Each structure stands twice: as structure tokens, then as C-alpha cells.
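S.K.: Fold the following.
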Amino acid sequence: MATDSLVVELDANTKKLQDKLKDTEKDLEKLRGDVVIEGRKVFIDAVSYVDGQPKSEIGIEIHSGRNRIVRKIFEHLGYKVTKLDRVIFAELTKKNLPRGRWRELTELEVSKLQMLQ
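M.R.: This next block holds a predicted model:
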């Protein structure tokens with residue numbers, strides 16, 4: 001299974017997040033351990049605040065293809081996700097690619113994707 005790296009933006013307007021902002025680090029620690037969502041373990045490789053961004057933006061790396069799993073992870077802790085941005089998928093990155101733009105994959109990237117099947 002491929003690794004996804006996403007940036008999660010939590011709803012900073014909710015009273016729960018404003019009240020719990022100091023506790024979000026404790027919640028991130030919970031995600032670094034065993035996490036079970038809907039009776040199945042979720043493999044979280046890394047979770048941390050995004051450097052230089054508000055504490056409502058969290059980076060997470062996961063090994064899971066389950067539908068809406070990132071939203072479910074944060075809802076499990078009582079947070080509402082307002083935005084998801086997939087930064088990396090299976091070693092493919094959007095680095096240096098402006099929003100709304102696309103590029104052709106290299107032959108090496110296509111080969112790596114074909115090996116995932």
C-alpha cells in the first residue's frame with residue numbers, strides 16, 4: 001500500500017478547537033499510538049503541526065486506502081476537518097506545481113505506480 005501525506009486543516013472557528021488548542025498536542029500523541037476507527041486499525045506513520053502555519057493545520061502520513069479515513073480520524077478526536085490537501089501520494093509530490101496546474105509523469109514515476117498494483 002502506498003503512503004499518503006496530507007495537510008489537514010481543522011475548523012478553527014469551532015468553540016471546541018478554540019477551547020482545546022492547548023490540548024491538541026495531547027491529541028496528536030494519541031494519533032501516534034494505536035488508532036482504531038470503525039473496528040479497524042489505522043496505520044499512521046507521522047503526525048505533526050505544519051511548520052510556519054497555525055496550530056489548526058496538521059500534517060499526517062498514513063497507510064490506508066479507506067474512504068474518508070482522515071476525516072474519521074479527526075472526528076474521532078472531536079475535530080471537524082475543513083480542508084484536506086494531499087501533498088504526496090506513492091512518492092509523487094506536488095512540489096513546485098502551482099495550484100490548479102498539472103504535469104506529465106516521468107517514465108520512472110509511471111513505472112513505480114505500475115509496481116503498486
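S.K.: and the closest residue to residue 37 other than its chain neighbours, which of the three is it?
M.R.: Closest residue in space to residue 37, ignoring its immediate chain neighbours: residue 72 at 5.1 Å, by C-beta to C-beta, 6 or more residues apart in numbering. Using the backbone N, CA and C atoms, a C-beta is placed for each residue, glycine as well. Secondary structure, DSSP: H, G, I helix; E, B strand; the rest coil: residue 72 is helix.
S.K.: Strands along this protein, start to end?
M.R.: Assigned by DSSP state E, the chain shows strands spanning 4-10, 35-37, 40-49, 57-63, 81-89, 92-93.
S.K.: Looking at those, spot the one closest to residue 29.
M.R.: strand 40-49 (9.0 Å; C-beta to C-beta).
S.K.: what's that closest one in contact with?
M.R.: Residues external to strand 40-49 that are found in contact with it (C-beta atoms under 8 Å, 6 or more residues apart in numbering): 3, 28, 31-32, 34-36, 55, 57-64, 66, 69, 73.
S.K.: Same list (the strands of the chain) but as a markdown table, adding mean neighbour count and distance to residue 108.
M.R.: Shown next, in a markdown table, are those (neighbours: other C-beta atoms under 10 Å; distance: least, C-beta to C-beta, whole Å):
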| stretch | mean neighbour count | distance to residue 108 |
| --- | --- | --- |
| strand 4-10 | 19 | 19 |
| strand 35-37 | 14 | 33 |
| strand 40-49 | 14 | 23 |
| strand 57-63 | 18 | 22 |
| strand 81-89 | 14 | 15 |
| strand 92-93 | 14 | 11 |
